[in-house]
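Enquirer: sequence first, then the predicted structure:
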Amino acid sequence: MNILVCLKQTFDTEERIVVENGRVKEDGVKFIINPYDEYAVEEALRLKEEHGGEVTVVSVGPSRFEEAIRTALAMGADEAILADDPALFGDEYTVAKVLAAIIRQRPFDIILAGNQAVDDGSGQVAVRLAEELGIPHISTLTKLVVEGNQVTGYRDAEGDVEVVQATLPVLVTAQQGLNEPRYPSLIGIRKASKKPLTHVTAADLGLNPEEIRPRTKVVDTFLPKPKQAGKILQGDLQEQVRELVQSLRTVDKVIG
Amino acid sequence: MDFTLTAEQSQMRQLVRSFARDVIAPRASEIDRTDRFPRDLIRQMGELGLMGLPIPEAYGGVGADYLSYVLAIEEISYASAAVGVILAVHTSVGTFPILYFGTDAQRQRYLPKLASGEWVAAFALTEPDAGSDAAAIRTRAVRDGDDYVINGNKVFITNASDADLFCVFAVTDTRRGKRGLTAFLVERGTPGLVIGRKLEKMGLNGSGTCELVFEDMRVPAENRLGQEGEGFSIAMRLLDGGRIGIAAQGLGIARAAFDAAHAYVRRRRQFGQEIFQFQGVQFMLADMATKIEAARWLVYHAAVLRQNGQPCTREASMAKLFATDTAMQVTTDAVQLFGGYGYVKEYPVERYMRDAKVTQIYEGTNQIQRMVIARHLPRA
C-alpha cells in the first residue's frame, strides 16, 4: 500500500504569539509537527503495520520544516519530499496545487492529512488537494478502517457518529481522537538521518508561477483584544435582563 | 569553539525531554514517597531506546554518541533524579564495563538484554569499610575448579533491589593490594547472592539502594570480567564516564529547581508586588542561573572530550565537583525562595534539595574530586 501523508510544521501550541509590523514573529519559537498532521502520520504508520507498504511524507514550506519531517521519519515514515523552493509558497490554493503536482508523479492508494493546521486553521489544503487529484475525501475522522479497497471513516456528528464509506484511492483528514501518536524511538532518530528526503523546486514540478499564484491576500494580522474583567449585574431579575440585553446590543454588538 | 548540538543530538534531547515531562515527571513525587523501584518506567525507557542509548546497534543499543547519552541523563534527572541515577548506573558502570572489557561471549550474552532494558545492571564496588578507598575491599573470591567462590558484603548498591546483573569486585590475591582485585559478572538468582536490606535514605528514593551479601556464592570462571588483578584498573577506567554522568544528573536537578523557583517568584506576591521585583531575589536567581550555565559547559565539555577519546580525568572531576555543588546550592536557594512552601512536600523543591545532597557524595565524594583535580594540575 502506498501511503502519503501531508505534513506542515507549525508553532508549538504552548508558544506565545507575538505580532510585529503585521507579521507573527518566528524568532526563537519552537516548532512542532502540526498536531493534526501528527495524527495523520500515526494513522499512516498503523496502516503500514497492518497492510504493509511505504509511508511517504509530503510537505510544502521553508527548510526549517526538515526538523518536523525528520521527526515523522523517526516515528517510522520511509521517505519524505519537501517543496522548499520559495517560488512554491503561497496560500491554500497554491499549496494544494503544489502538493497535487508532487503527488501526481507517484503512485498512491491513500492520502492522509490533518483536518487543519493549528496556525492558519483554514482547513482547506487537504480537501482542495483531493479536488485537484479528482479523488474522494472523508474529513475529520476519529476512526479509520481499510479493508481491501473499502475505506470506512467514522466522525463525530454533534454527539452521534457518522459513518462514511469510500473506495481507494481516497484522501482522509484526521481529527483529534483518531489515535495517540507514538514517540519516535531514539533508534528511529538515528535511522531517520539516513532516510531519503528529496527537495523539489518549481522547475522539478513543471509549475509556472501564474498557475500557482495565491488567490487570497492577508490584509491584516492582529491579536485578539485582551480579556476584560467580568461584570456582575446587580438589581432585580427584570433589571438585570434589561441591562444584559442592552449591553449585548450596544457594547458587544452581538445582537441587532 | 562550536557549542551547537548536531540535529540528531538536539532531536534526541527533545524526545527525551518530552518523555521525561509527559511520562516520568508525573510519577516523580510518588516514586519519592513510596521508594518503589519504577520497573514499569524502566521498561518504557527501554522501548524508547534509553537503556542502551550509547551501546552499539550490533548489541541492541541505539549507537548514539556519548554527549547524547549525557544529555539524556540530564533531561531524565530534571524530571526525577532517582530515575536519572538508575539510568546512569545501569549504563555508565553497569553496561559499559561489559562493552569495554567483556569477552565476545559476555557481550553477546548480556548487552542485548541490558540495552533493551529487559535487564537492569548494578555496580557493586563499595563496602562498609571501602568507600573512597576502593583498594580496601575485603570481599574474597577464591578459585575452585571452573568457579570462583565469593564471600563478603557490599553496601549502597544503586539498582540492587531490581538489578538482574551485578558487576562485583572482589579480592583474588590478598598479597597484591589493589592489584589483587578482580571483577565478576553475577546474575540475579545466583545461589549465595543475597539482596540485603534496602537502605532508607534522605532522598533519591526509588533507586533501589541495598546491601548485598555473598555467602559462598559460586560464579563460573567464564563470568570473570577481564583478567585476575585487573579489577581496580577496570573500576578506575569507568570512573571518568561515571562522573560525567553524575555531573549531568546534578545539572538536571539544578535546572529543575531553578525553573520551579523562577516560576514561583514571578507568581508569588508580597508587599504589593511579585517578589521577583525585589533585588535580593533577583541577585539570587542571577547567581543560580550563572552557576547552572557554568556547570552545563563543564559537563558538555568533559563529555565531548570523552567522546573524542581525549584524556578527560581532570575535566570529568571538575564537572562532577562543580555541577553537583551547584545542584546543592541551587536547590537550597530554591527552597529559600519558596519560603515556607519550599519546606512542605506539596512542592517539589524540598525533594530536589534532598536528591541533590547525594550527588556530592557518590561516584567519588567532592573531596575526592578535588584530590583528583589537584593531582592532574599541569606542572607549574
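Expert: Here it is on my side, so go on. Numbering: from 1, shown residues only, chains lettered A, B, ... in the order given.

Enquirer: excluding chain neighbours, what is closest to whatever residue of the stretch 101-250 of chain A ends up closest to chain B?
Expert: Of all residues in the stretch 101-250 of chain A, A:Leu186 sits closest to chain B, at 3.4 Å by CB to the nearest CB. (Glycine included, C-beta is placed from N, CA and C.) In this structure, A:Leu186 finds its nearest non-sequential neighbour in B:Gly49, 3.4 Å apart by CB to CB, 6 or more residues apart in numbering or on different chains.

Enquirer: check contacts around that neighbour.
Expert: A:185-188, B:61-62 (CB atoms under 8 Å, 6 or more residues apart in numbering or on different chains).

Enquirer: residues contacting the residue of the stretch 101-250 of chain A closest to chain B?
Expert: Per CB under 8 Å, 6+ apart, neighbours of A:Leu186: B:12, B:15-16, B:48-50, B:53, B:62, B:64.

Enquirer: for A:Tyr36, which non-adjacent residue is closest in space?
Expert: A:Gly114 (2.7 Å).

Enquirer: for A:Asn34, which residues are in contact?
Expert: Counted by CB under 8 Å, 6+ apart, A:Asn34 has contacts A:7-10, A:68, A:114, A:117-119.

Enquirer: which bits of chain A sit near chain B?
Expert: Chain A comes close to chain B at residues A:67, A:70-71, A:74, A:183-190, A:192-193, as judged by CB under 8 Å from any CB of the partner chain.

Enquirer: let's see 6 Å
Expert: With CB under 6 Å from any CB of the partner chain as the criterion, chain A comes near chain B at residues A:185-187, A:189-190, A:193.

Enquirer: list phi and psi for the closest residue to chain A within the stretch 201-350 of chain B.
Expert: Nearest to chain A, among the residues of the stretch 201-350 of chain B, is B:Ala263, at 13.8 Å (CB to the nearest CB). Main-chain dihedrals, B:Ala263, degrees, to the nearest 10: phi -60, psi -40.

Enquirer: could you report the pLDDT at it?
Expert: At B:Ala263, the model reports a pLDDT of 97.

Enquirer: hang on, the earlier thing: inside helices: which ones of the contacts of B:Gly49?
Expert: Under the assignment DSSP state H, the contacts of B:Gly49 contribute A:186-188 to helices.

Enquirer: most neighbours out of the contacts of B:Gly49, which is it?
Expert: A:Leu186 (30 neighbours; other CB atoms under 10 Å in any protein chain shown).

Enquirer: tell me which stretches of the stretch 101-250 of chain A form strands.
Expert: Taking DSSP state E, counting those that start in this stretch, the strands of the stretch 101-250 of chain A run over residues A:110-114, A:137-141, A:143-147, A:150-157, A:160-167, A:170-174, A:197-199.

Enquirer: I'd like to know which of those lies nearest to B:Thr172.
Expert: With CB to CB, the closest approach to B:Thr172 among the strands of the stretch 101-250 of chain A belongs to strand A:197-199: 54.9 Å.

Enquirer: okay, now the domains of the chain?
Expert: Going with chain A. Domain assignment of chain A by automatic domain parsing yields the ranges A:2-205, A:226-256.

Enquirer: chain B was what I was after
Expert: Looking at automatic domain parsing, the domains of chain B come to B:7-120, B:122-228, B:232-375.

Enquirer: looking at these, which is buried most?
Expert: domain B:7-120 (a mean of 22; mean count of other CB atoms under 10 Å in any protein chain shown).

Enquirer: ends of that one, what's the gap?
Expert: 30 Å (CA to CA, to the nearest Å).

Enquirer: just give the closest residue to the residue in the stretch 1-150 of chain A that chain B sits nearest to, not the sequence neighbours.
Expert: Residue nearest to chain B within the stretch 1-150 of chain A: A:Arg70 (6.4 Å; CB to the nearest CB). Counting by CB to CB, 6+ apart, A:Arg70 lies nearest to A:Ala192, which is 5.0 Å off, once chain neighbours are set aside.

Enquirer: okay, now that neighbour: neighbour count?
Expert: Count around A:Ala192 with other CB under 10 Å applied: 23.

Enquirer: what's near enough to touch it?
Expert: A:70, A:73-74 (CB atoms under 6 Å, 6 or more residues apart in numbering or on different chains).

Enquirer: out of these, which are inside helices?
Expert: Per DSSP H, the subset of the contacts of A:Ala192 in helices is A:70, A:73-74.

Enquirer: among those, which one has the most neighbours?
Expert: A:Leu73 (26 neighbours).

Enquirer: now B:Ala170: which helix or strand?
Expert: strand B:165-171 (DSSP states H and E).

Enquirer: just the C-alpha atoms of that strand, please, in CSV.
Expert: In CSV, the C-alpha atoms belonging to strand B:165-171 read as follows (Å, rounded to 0.1, in the frame of the first residue of the first chain):
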residue,chain,number,x,y,z
LEU,B,165,23.2,-8.3,36.7
PHE,B,166,25.8,-7.1,39.1
CYS,B,167,29.4,-6.1,38.4
VAL,B,168,31.0,-7.3,41.6
PHE,B,169,34.5,-6.5,42.7
ALA,B,170,36.4,-9.0,44.9
VAL,B,171,39.9,-9.7,46.1
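
Enquirer: lovely, talk soon.
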